[in-house]
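J.: just a sequence and a predicted model for now, questions to come.
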Amino acid sequence: MGIILSSAHVHTTHCDGKTPAWEMAEKAYGMGFVSLGFTSHAAQTFDPGYCIDPSKEKDYIKEIRDIQKEYAGRMAVYLGIERDLYSCSDPADYEYFIASVHYFEKPDKTYVGIDADASELQKYINEYCGGDGLEMAKRYFSMVRDYVLENKPAIIGHYDLVRYNDSNLKLYDEDSKAYRNMALEALRDMSETNALLEVNTGGVARGYMTTPYPADFLLKEWKAWGGEVIVNSDCHNVKLLDAGYDRAVDILRSLGFDHAIRLSSDPRKRMWEEIGLK
Ligand SMILES: [Zn+2]
Ligand SMILES: [Zn+2]
């Protein structure tokens with residue numbers, strides 16, 4: 001049994017998740033979770049299979065509210081969304097939102113997925129970034145920064161998602177100063193907000209990443225700047241509700257973190273609480 005006992009980043013069949021929300025809650029409760037935050041991909045006008053259908057957003061909100069009531073006093077359930085930069089949903093309808101950037105917008109208002117098909121991303125780089133992977137990464141990090149500074153989300157989602165396709169495409173050297181500095185500069189600006197930096201184990205759990213997002217060098221500086229972190233599973237399948245958590249906790253401990261943040265077990269008192277890692 002892990003020590004985090006919470007995830008503030010969970011997908012269900014309301015978007016591209018494989019597990020219905022009720023089943024997810026039941027499993028979380030059975031595992032001894034103290035809190036669970038549902039965060040379907042917020043409604044968008046494109047890529048419909050991936051997000052909440054805009055005409056069914058109300059159904060999502062209602063179902064999570066029902067689950068919240070059902071589990072009141074036993075497990076704290078929260079209504080959130082993972083809101084992409086290009087989503088059309090209103091964050092005010094939710095208790096919190098995770099700010100994530102999953103796409104580049106092309107001039108013709110079509111979108112290229114960052115954690116999707118590598119050949120499409122390569123085409124985008126060739127056409128709009130002069131073939132330079134580093135330029136693509138720079139654009140991505142500044143989009144995340146601007147989005148977070150303007151919208152004040154609770155959580156910065158999978159901050160260096162741009163790593164997703166890097167191993168396939170060999171876009172740049174992740175250890176290079178140029179890459180590290182651009183990632184750090186944008187992160188530094190965001191450390192002025194109260195946003196939590198997510199340690200996202202979803203990629204490790206699903207087997208396409210060897211380490212969680214974000215990379216250690218980013219976590220290390222974030223800590224030095226006084227930033228707070230939250231460990232999330234970005235779970236799309238009930239079997240992976242806390243997958244990768246032990247690994248994430250080990251990494252945080254090795255970087256000197258003595259606590260992380262999770263959704264509070266008592267929503268009447270506070271929304272977030274500290275969890276000791278020692
Ligand atoms: Zn995401
Ligand atoms: Zn997600």
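T.: Alright, I've got the coordinates. Numbering: from 1, shown residues only. Ligands and ions are numbered 1, 2, ... in the order given.
J.: could you use CA atoms for every contact and neighbour count after this?
T.: OK.
J.: sec struct for the nearest residue to residue 211 once chain neighbours are set aside, please.
T.: Leaving out its chain neighbours, the residue that sits closest to residue 211 by CA to CA, 6 or more residues apart in numbering is residue 204, at 6.0 Å. Under DSSP: H, G, I helix; E, B strand; the rest coil, residue 204 falls in the helix class.
J.: helices of the chain, residue ranges please.
T.: 21-30, 57-71, 118-128, 133-151, 166-169, 177-190, 202-205, 216-224, 245-254 (DSSP state H).
J.: residue 239 is nearest to which of those helices?
T.: Smallest distance to residue 239 across the helices of the chain (CA to CA): 8.8 Å, for helix 21-30.
J.: ok, so what distance separates the closest residue to residue 274 other than its chain neighbours from residue 23?
T.: In this structure, residue 274 finds its nearest non-sequential neighbour in residue 261, 4.6 Å apart by CA to CA, 6+ apart. In this view, residue 261 and residue 23 are 25 Å apart by CA to CA, to the nearest Å.
J.: one step back: which of the helices of the chain is buried the deepest?
T.: helix 202-205 (a mean of 22; mean count of other CA atoms under 10 Å).
J.: export only the CA atoms of that helix, formatted as CSV.
T.: The C-alpha trace of helix 202-205 is given here as CSV (Å, rounded to 0.1, in the frame of the first residue of the first chain):
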residue,chain,number,x,y,z
GLY,A,202,0.8,7.9,-16.4
GLY,A,203,3.5,7.5,-19.0
VAL,A,204,5.5,5.1,-16.8
ALA,A,205,2.4,3.1,-15.9
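J.: the bottom helix or strand of this structure by mean pLDDT?
T.: Within the chain, no helix or strand scores below helix 166-169, which has a mean of 80 by mean pLDDT, DSSP states H and E.
J.: who touches that helix?
T.: Outside of helix 166-169, the residues that reach it under the criterion CA atoms under 8 Å, 6 or more residues apart in numbering are 118, 122, 172.
J.: same question, stretch 261-278
T.: Identification of contacts with stretch 261-278 by CA under 8 Å, 6+ apart yields 3-4, 6-8, 34-37, 75-76, 196, 228-231, 249, 253, 257-260.
J.: same check, this time on stretch 199-211
T.: When contacts are defined by CA under 8 Å, 6+ apart, stretch 199-211 is touched by residues 157-158, 164, 212-214, 229-235, 240, 243-245, 248.
J.: go again using 6 Å as the cut-off
T.: With contact meaning CA atoms under 6 Å, 6 or more residues apart in numbering, stretch 199-211 is reached by 158, 212-213, 230-234, 243-244.
J.: make JSON lines out of those residues and add neighbour count, pLDDT and distance to residue 28.
T.: JSON lines is the format used below for the contacts of stretch 199-211 (neighbours: other CA atoms under 10 Å; pLDDT from 0 to 100; distance: CA to CA, whole Å):
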{"residue": "158", "neighbour count": "25", "pLDDT": "98", "distance to residue 28": "22"}
{"residue": "212", "neighbour count": "26", "pLDDT": "96", "distance to residue 28": "21"}
{"residue": "213", "neighbour count": "26", "pLDDT": "97", "distance to residue 28": "23"}
{"residue": "230", "neighbour count": "26", "pLDDT": "98", "distance to residue 28": "17"}
{"residue": "231", "neighbour count": "27", "pLDDT": "98", "distance to residue 28": "15"}
{"residue": "232", "neighbour count": "28", "pLDDT": "98", "distance to residue 28": "13"}
{"residue": "233", "neighbour count": "27", "pLDDT": "97", "distance to residue 28": "12"}
{"residue": "234", "neighbour count": "29", "pLDDT": "97", "distance to residue 28": "14"}
{"residue": "243", "neighbour count": "21", "pLDDT": "96", "distance to residue 28": "12"}
{"residue": "244", "neighbour count": "21", "pLDDT": "96", "distance to residue 28": "15"}
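J.: ok, which pair from these is furthest apart?
T.: The most widely separated members of these are 158 and 243, with 15.5 Å between them, by CA to CA.
J.: one step back: rebuild the helices of the chain as a markdown table, extending it with distance to residue 89.
T.: Converted to a markdown table, these look like this (distance: least, CA to CA, whole Å):
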| stretch | distance to residue 89 |
| --- | --- |
| helix 21-30 | 20 |
| helix 57-71 | 9 |
| helix 118-128 | 25 |
| helix 133-151 | 13 |
| helix 166-169 | 30 |
| helix 177-190 | 23 |
| helix 202-205 | 24 |
| helix 216-224 | 29 |
| helix 245-254 | 30 |
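J.: sounds good, over and out.
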